[in-house]
Structure formats: structure tokens, C-alpha cells
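# Any chance you could fold what I've pasted below:
(one chain, ligands or ions: 1)
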Amino acid sequence: MITLCSVDDIEEGTSKGLEVENKYLFAVKKDDQLFLYYNYCPHLGTPLEWLEDQFLDADGALIQCSTHGALFLIENGTCILGPCKGKRLKAIPFVLGNGFMMVDEDDVRKLGRI
Ligand code: FES
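Model prediction:
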């Protein structure tokens with residue numbers, strides 16, 4: 001297991017970019033629940049964020065790709081609007097322990113093109 005961050009590093013209603021094993025992930029905390037995705041838009045494979053740690057739309061309700069504005073549900077990564085409508089962000093399994101988010105290195109290493 002690889003420790004990603006403390007759960008307290010992510011404020012409620014915000015997102016955070018994370019790098020592990022040279023792969024880029026991001027986490028979102030919404031309604032005190034955490035979600036973790038591969039930072040890779042299913043449209044063209046670009047990173048999603050507008051600015052560092054900025055993965056959400058203006059009101060924090062959806063994940064938004066900065067390249068063409070595709071919108072994704074925070075809860076399951078499904079694209080609901082944009083050029084990749086119906087596709088999904090790649091969710092990364094994680095576990096919580098002692099207040100930290102952890103991932104299995106094998107799940108991260110096998111990330112490539114979706
Ligand atoms: S690359 Fe994300 S919407 Fe086009």
C-alpha cells in the first residue's frame with residue numbers, strides 16, 4: 001500500500017491533485033465522502049484541472065475538464081455533458097486507515113490509456 005495523503009488534506013467540497021508512481025490522480029471530498037480518480041480525461045487523455053488542485057466546476061457540484069469543459073458526476077465519474085458524454089473517469093480503489101488515504105501500488109502501476 002502507498003499512502004497518498006491525510007484525509008484532512010482535502011477540504012470538504014474541494015479537490016486535490018495527487019502524484020504517485022509518476023501517475024496523476026485526484027481526490028474529491030463531497031458530503032464527507034472521498035472519491036479518487038485517474039487524472040485523465042476520457043475524451044483526449046488530457047489532465048483535467050484548471051489550476052493546481054482545481055478539478056471542480058464553479059459551484060463545486062461536478063468535476064469539469066479544463067480542455068473542452070466536459071462535466072462528470074463526482075460520485076461515479078460519469079460524463080454527463082461534453083464530447084465524452086457517457087464515458088467515465090477511471091475510479092481508483094483506495095482504503096482509509098489512521099486518517100490516511102492509501103492505494104495499492106498495483107492498481108496505480110497498471111494505469112495507462114483508458
Ligand atoms: S479533453 Fe476533456 S473534454 Fe476534451
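
# pLDDT value on the residue of the chain positioned farthest from its centre, please?
Within the chain, residue 98 marks the point farthest from the mean C-alpha position, 21.4 Å out by C-alpha atoms, centre = their mean. On the pLDDT scale, residue 98 is placed at 94.

# Just give the number of residues close to the residue lying closest to residue 48 once chain neighbours are set aside.
Among residues not flanking residue 48 along the chain, residue 65 sits closest, at 4.8 Å (C-beta to C-beta, 6 or more residues apart in numbering). For the C-beta atoms, the positions are set from N, CA and C on the backbone; glycine is no exception. Neighbours of residue 65 under the rule other C-beta atoms under 10 Å: 25.

# roughly how far is the longest strand along the chain from the heart of the chain?
As assigned by DSSP state E, the longest strand anywhere in the chain is strand 23-30. Chain-centre distance of strand 23-30: 3 Å, with C-alpha atoms, centre = their mean, to the nearest Å.

# Tell me the buried residues in it?
23, 25-30 (16 or more other C-beta atoms under 10 Å).

# out of these, who's nearest the ligand?
Looking at those and their distance to the ligand, the nearest is residue 26, at 13.6 Å (C-beta to the nearest ligand atom).

# So what sits opposite the closest one in the bridge?
Beta-bridge partners recorded for residue 26 (DSSP bridges): residue 17, residue 37.

# Cool, thanks, talk later.
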